[in-house]
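Participant: What follows is a predicted structure for the sequence shown.
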Amino acid sequence: MNASQQKVVQYLNEARLSEDALVRVLQSQIAVTPRGSYRSGLEAHLSETREHAARVGGRLEALGQGSNPLMAVVGFWENVIGQTVALYKTPLDLLRGSGREQKVLKNAKDACAAEALEIATYTAIERLARSVGDDETASMAASILADEEKMLQRILREIPKLTEAVVDADVKGKPSYDVTATGAADAVREAAEREIPAAAEGALTGAVATAQDLPIADYDKQTAHDIAARLKGFSQRELRIIGAYEAKHENRRTITDRIAKLTGDEPWPRYDEQNVDAITTALADGDADTAHKVRSYERDHKDRRGVIDAAEREIPGGAAAAGALTGAAATAQDLPIADYDKQTAHDIAAKLKGFSQRELRIIGAYETKHENRRTITDRIAKLTGDEPWPRYDEQNVDAITTALADGDADTAHKVRSYERDHKDRRGSSTPRTFTRATSRGRVGAPAAASLDHPSSTQRRGQSLQSRRNRFPA
């Protein structure tokens, strides 16, 4: 082996040791990171890193790396040290930072540093290999380098979100870290589920459980009606634990019938273990059929308002229909108008313009059920109608103006008509209105729509100019 090959082998050995150590660091970080886009990135890069190590190892074999016993001994001890650091880093990762969200952010910053080292390593290998005429090694290094650069950019995109989670937890007192959703927790569940399904496990656990093992405190001291009233919101596994325990002991129909109604298939595997943010993200990537399943399951089992609202946004016409249903069951405190029952019909009717279609239907359903005053119901009937496009009511002036710039004249007509009849967002006198035109050129939605449609005065001026052009003096 000549000097050039020895140098390439040296650099490749360093790269392989780095990849082996990174595998274990990624495993330790995944173990303490909850489900989400950041952990998905770590998991994807773990697979890439294993592939990188294999590719570097294959290239070393092709170059006859095994002929250098000194490098093998050095490599062995460096690998042992790398594994030991990664092994002891796992419990350390669980303790770092003032909170768990802070720990995840610090791990992400560490990951950025690790990726920068990988980038430098493969940059050097590519340049060395090309300099000594080893095109195959150079090509491999360039390919791995591209993967490492993509991963660094992906982590950098996650840093702001992870920082916001730290602010929410450590400053605002609203922690979001869910230890039951970490990679370690998922690994334990996966191992258990390979042996026994979660639902069956729940039934078996309940059959041998004591009252202290149940998710309802002082279970044996409560009445059947009290227990039945608390069952909504428990996971399928928890329901089956309670059901099996109840069947073995008191077997009260009030409880067992309620559990039978609440048990059913989740919209997708492990749905019950996910929080509102994770489900909302999944809904955004899903279809209307999935949204229907989620809404139905939530209404029967969990009843989380944030999830139901997210599902209805994905169902055509879902938000409007939900508004009517919500209004029929709402109290005055649920309405978007304060002190509703203390106001006159004319006062309420005067405030209706600017509410979303869902809010209008909530008010309309409530009013129909209670006073049913024509002044209000007729005004709501005039204001309700199809939005120019889905989720229009949720958009701000910038989003609507951008959409108008990319749209056609027909869309602009719809926006102008809808705004005049429903929202009329020109000024900034209330939180429901848009900011008036500023030095940066922002305008209200009706004004933006009118940019594509000349006013009657403009049209008369254009017509007069046209006649002058045709019949010059």
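Facilitator: Great, that's in hand. Only a predicted model underlies this, so the values are computations on that prediction, with no experimental measurement involved. Numbers count the residues shown, from 1 in each chain.
Participant: can you map out the helices along the stretch 301-450 of the chain?
Facilitator: 305-313, 318-329, 345-351, 357-369, 374-383, 397-406, 409-418, 445-451 (DSSP state H, counting those that start in this stretch).
Participant: Who are the packing partners of the fourth one?
Facilitator: The one in question is helix 357-369. helix 318-329, helix 374-383 (3 or more Cβ pairs under 8 Å, 6 or more residues apart in numbering; DSSP states H and E). To be clear about C-beta, it is placed using only N, CA and C from the backbone, and glycine gets the same treatment.
Participant: Please point out which parts of that helix sit buried.
Facilitator: For helix 357-369, the buried set under the neighbour-count rule, 16 or more other Cβ atoms under 10 Å, comprises Q357, R358, E359, L360, R361, I362, I363, G364, A365, Y366, E367, T368.
Participant: same thing with the fifth one?
Facilitator: Taking 16+ other Cβ under 10 Å as the neighbour-count basis, helix 374-383 is seen to contain the buried residues T375, I376, T377, R379, I380, L383.
Participant: Let me know the closest of those residues to P215.
Facilitator: I380 (43.4 Å; Cβ to Cβ).
Participant: That closest one contacts A365, correct?
Facilitator: No. Judged on Cβ atoms under 8 Å, I380 makes no contact with A365 at a distance of 9.6 Å.
Participant: Dihedrals phi and psi, K232?
Facilitator: When read as degrees, to the nearest 10, the backbone of K232 gives phi -70, psi 130.
Participant: what number of residues lie near it?
Facilitator: 15 (other Cβ atoms under 10 Å).
Participant: hmm, back to that, want to try TSV for the helices of the stretch 301-450 of the chain, with mean pLDDT and distance to K221 as columns?
Facilitator: Below are the helices of the stretch 301-450 of the chain laid out as TSV (pLDDT from 0 to 100; distance: least, Cβ to Cβ, whole Å):
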stretch	mean pLDDT	distance to K221
helix 305-313	79	31
helix 318-329	51	32
helix 345-351	91	48
helix 357-369	83	39
helix 374-383	86	49
helix 397-406	80	54
helix 409-418	81	57
helix 445-451	47	59
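Participant: about what we covered before: can you redo the buried residues of helix 374-383 as a markdown table, where the extra columns are distance to K414?
Facilitator: A markdown table is the format used below for the buried residues of helix 374-383 (distance: Cβ to Cβ, whole Å):
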| residue | distance to K414 |
| --- | --- |
| T375 | 28 |
| I376 | 26 |
| T377 | 25 |
| R379 | 21 |
| I380 | 20 |
| L383 | 15 |
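Participant: closest to A113 among these?
Facilitator: L383 (56.1 Å).
Participant: My guess is that closest one contacts Y418. True?
Facilitator: No. Counting by Cβ under 8 Å, L383 stays clear of Y418, with 10.1 Å between them.
Participant: if we can go back for a sec, between the helices of the stretch 301-450 of the chain, which one is closest to P160.
Facilitator: helix 397-406 (19.9 Å).
Participant: low pLDDT regions in the protein?
Facilitator: Across the chain, the ranges flagged by pLDDT under 70 are 66-98, 185, 187-209, 315-330, 390-391, 423-473.
Participant: got the contact list for the residue sitting nearest the centre point of it?
Facilitator: With distances taken as Cα atoms, centre = their mean, T281 lies nearest the centre of the chain, 3.4 Å away. Contact analysis of T281 by Cβ atoms under 8 Å, 6 or more residues apart in numbering lists G36, S37.
Participant: what's the spacing between it and A21?
Facilitator: 32 Å (Cβ to Cβ, to the nearest Å).
Participant: wouldn't A288 be in contact with E314 here?
Facilitator: Yes. Using Cβ under 8 Å, A288 is in contact with E314, at 6.2 Å.
Participant: of the two, who's got more company?
Facilitator: Neighbours per residue (other Cβ under 10 Å) separate A288 from E314, with E314 holding more: 23 against 12.
Participant: contacting residues for the more buried one?
Facilitator: L283, A284, G286, D287, A288, T290, A291.
Participant: What distance do you get for it to I308?
Facilitator: 11 Å.
Participant: Just give the number of residues close to Y418.
Facilitator: 21.
Participant: And A138, by the same measure?
Facilitator: 19.
Participant: what sits against it?
Facilitator: A138 neighbours (Cβ under 8 Å, 6+ apart): I125, E126, A129, R130.
Participant: The same query, at a cut-off of 7 Å, please.
Facilitator: E126, A129, R130 (Cβ atoms under 7 Å, 6 or more residues apart in numbering).
Participant: Could you do E43 as well?
Facilitator: Contacts of E43 by Cβ under 7 Å, 6+ apart are I30.
Participant: Could you name the specific helix or strand carrying it?
Facilitator: Taking DSSP states H and E as the criterion, E43 maps to helix 37-62.
Participant: Quick check: R50 touching R24?
Facilitator: No. If you go by Cβ atoms under 7 Å, R50 and R24 don't touch, sitting 11.0 Å apart.
Participant: Settle it for me: which of those two has more neighbours?
Facilitator: More crowded of R50 and R24, by other Cβ under 10 Å: R24, with 19 against 15.
Participant: Which strands or helices does the helix or strand harbouring the more buried one pack on?
Facilitator: Assigned by DSSP H and E, R24 falls within helix 3-31. Helix 3-31 sits against helix 37-62, helix 69-95, helix 100-131, helix 183-195, with contacts defined as 3 or more Cβ pairs under 7 Å, 6 or more residues apart in numbering; DSSP states H and E.
Participant: so which of the helices of the stretch 301-450 of the chain gets nearest L152?
Facilitator: Comparing the helices of the stretch 301-450 of the chain by Cβ to Cβ, helix 397-406 comes nearest, at 30.5 Å.
Participant: tell me which residues in that closest one are buried?
Facilitator: So helix 397-406, judged by 16+ other Cβ under 10 Å, has buried residues V397, I400, T401, A403, L404.
Participant: D285 versus the fourth one, what's the distance?
Facilitator: The one in question is A403. Applying Cβ to Cβ to A403 and D285 gives a distance of 21 Å.
Participant: cool, R252 as well?
Facilitator: 42 Å.
Participant: More neighbours: which of the two?
Facilitator: R252 (16 against 8).
Participant: In contact with that one, which residues?
Facilitator: Residues near R252 by Cβ under 7 Å, 6+ apart: A224, E246.
Participant: buried stuff in stretch 407-423?
Facilitator: G407, T411, A412, K414, V415, R416, Y418, E419, H422, K423.
Participant: Does G233 lie in a helix or a strand, and which?
Facilitator: Judged by DSSP H and E, G233 forms part of no helix or strand.
Participant: my read: it touches K302, true?
Facilitator: Yes. G233 lies in contact with K302 (Cβ under 7 Å); the separation is 5.6 Å.
Participant: ok, these two, which is more surrounded?
Facilitator: More crowded of G233 and K302, by other Cβ under 10 Å: K302, with 19 against 14.
Participant: Work out for me the element the residue nearest to the centre of the chain sits within.
Facilitator: Here T281 is assigned to helix 276-284, by DSSP H and E.
Participant: Put together a markdown table for the helices of the stretch 301-450 of the chain, with distance to E246 on each row.
Facilitator: A markdown table is the format used below for the helices of the stretch 301-450 of the chain (distance: least, Cβ to Cβ, whole Å):
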| stretch | distance to E246 |
| --- | --- |
| helix 305-313 | 28 |
| helix 318-329 | 30 |
| helix 345-351 | 48 |
| helix 357-369 | 37 |
| helix 374-383 | 47 |
| helix 397-406 | 51 |
| helix 409-418 | 54 |
| helix 445-451 | 57 |
